[in-house]
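Colleague: Structure for this input, please:
(one chain, ligands or ions: 1)
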Amino acid sequence: MKKQDTKKIVRQGYAKVAMQGSSCCGPSSTCCGTPDTAKDISKKIGYTDEELRSMPDGANLGLGCGNPVAIASLKEGETVVDLGSGPGLDCFLAADKVGKKGKVIGVDMTPEMLEKARENANKGRFENVEFRLGEIENLPVDDNAADVVISNCVINLSPDKQKVFEETFRVLKPGGRIMVSDIVLTKPLPDKIRESVDAYIGCISGAITKEKYLDTIKAAGFIEVSIVDELSIPVEEWINDPISSSITETLNISAEEAKDIFGTVASVKVKGVKGTAS
Ligand SMILES: C[S@@+](CC[C@H](N)C(=O)[O-])C[C@H]1O[C@@H](n2cnc3c(N)ncnc32)[C@H](O)[C@@H]1O
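Modeller: This is a model prediction of the structure:
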């Protein structure tokens, strides 16, 4: 797939999710889910009941694979950028933490998702959150503007991850932090999964290995890069998931192969710092 085709397909997939408020994609225990299960998924991946209760209806579509705000140690007055903000859940949680003197900028390339996020911001009366239309490979944010960049289950969807981390580095102030949750692999996927459009939108086939993910962040200039937390998704959850099983059925993948494939997928929380000499 060409990079622009990939983005077009991803945008179409998430436009559908935004409009239907339900999943177009992948394992409901990682990236994307149905509204009925959104709360359960979110609790499994690290959100508290209290956090979820305080959010406007519709801000949580169960699209994340971790809770990056929980590890971002946000302080009052900080400026936060959320890459691929979706319906806005992490932006709103971050907004509560940075307070009125702080600011949160959510960036998403899908207009329908942005519309949802803005509606949710109005519902929740969040005055310190702004949503901008744009691609994470070319962030609509000034140089040295942010204290923290967060992202939840999005960078795996980018066909140019190196550019995403370079852009993240550019917009962070010296000393600024990157704190992201994302899907990585413990070994490369077979070609038939890598080439599947549904598996791409479902946050599986765009994922890279853990080592490559960390190396790409370091290559962008970050220091102190490390994995803060790692969650393996139980293979049974994938196998029993209707969307994952539809992918395996379409691709004619046996139960044994499916176990092997899904056993390689992990959800990680990763941090890094832009050195003060940068
Ligand atoms: C799996 S959802 C995650 C949404 C949100 N972070 C959450 O946890 O609810 C992926 C989001 O990233 C956006 N996205 C994917 N690739 C993008 C890119 N290259 N640039 C900007 N946004 C992107 C999609 O439009 C979608 O809203």
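
Colleague: for the ligand, what are the nearby residues on this protein?
Modeller: Within the chain, the positions near the ligand by CB under 6 Å from any ligand atom are 7, 10, 14, 31-32, 63-64, 84-87, 89-90, 108-110, 113, 135-137, 152-154, 157-158, 203. The way it works is simple: take the backbone N, C-alpha and C, and place the C-beta from them, glycine included.

Colleague: Keep only those of those that are in strands.
Modeller: Asp108, Asn152 (DSSP state E).

Colleague: in what helix or strand does Val268 lie?
Modeller: Take DSSP states H and E as the rule and Val268 turns out to sit in strand 265-273.

Colleague: what helices or strands is that strand leaning on?
Modeller: On a contact count with 3 or more CB pairs under 8 Å, 6 or more residues apart in numbering; DSSP states H and E, strand 265-273 meets helix 68-71, strand 172-185, helix 210-219, strand 223-232.

Colleague: and the host helix or strand of Glu50, how far from the chain's centre?
Modeller: For Glu50, the element it lies in under DSSP H and E is helix 49-53. Helix 49-53 sits 19 Å away from the centroid of its parent chain (CA atoms, centre = their mean, to the nearest Å).

Colleague: Equivalent analysis for stretch 204-218, please.
Modeller: The chain centre lies 14 Å from the centre of stretch 204-218; the measure is CA atoms, centre = their mean.

Colleague: Wait, Val225 touches Leu214, no?
Modeller: Yes. Assessed by CB atoms under 8 Å, Val225 is found in contact with Leu214 at 5.6 Å.

Colleague: Need the overlap of contacts for these two.
Modeller: Val270 (CB atoms under 8 Å, 6 or more residues apart in numbering).

Colleague: Which helix or strand lies directly C-terminal to the helix-or-strand element of the chain with minimal mean pLDDT?
Modeller: Ranked by mean pLDDT, DSSP states H and E, the weakest helix or strand in the chain is helix 235-240, scoring a mean of 70. Following helix 235-240 in sequence order, the next helix or strand is helix 242-250 (DSSP H and E).

Colleague: Give me the next element, helix or strand, following that following helix.
Modeller: Following helix 242-250 in sequence, per DSSP H and E, is helix 255-262.
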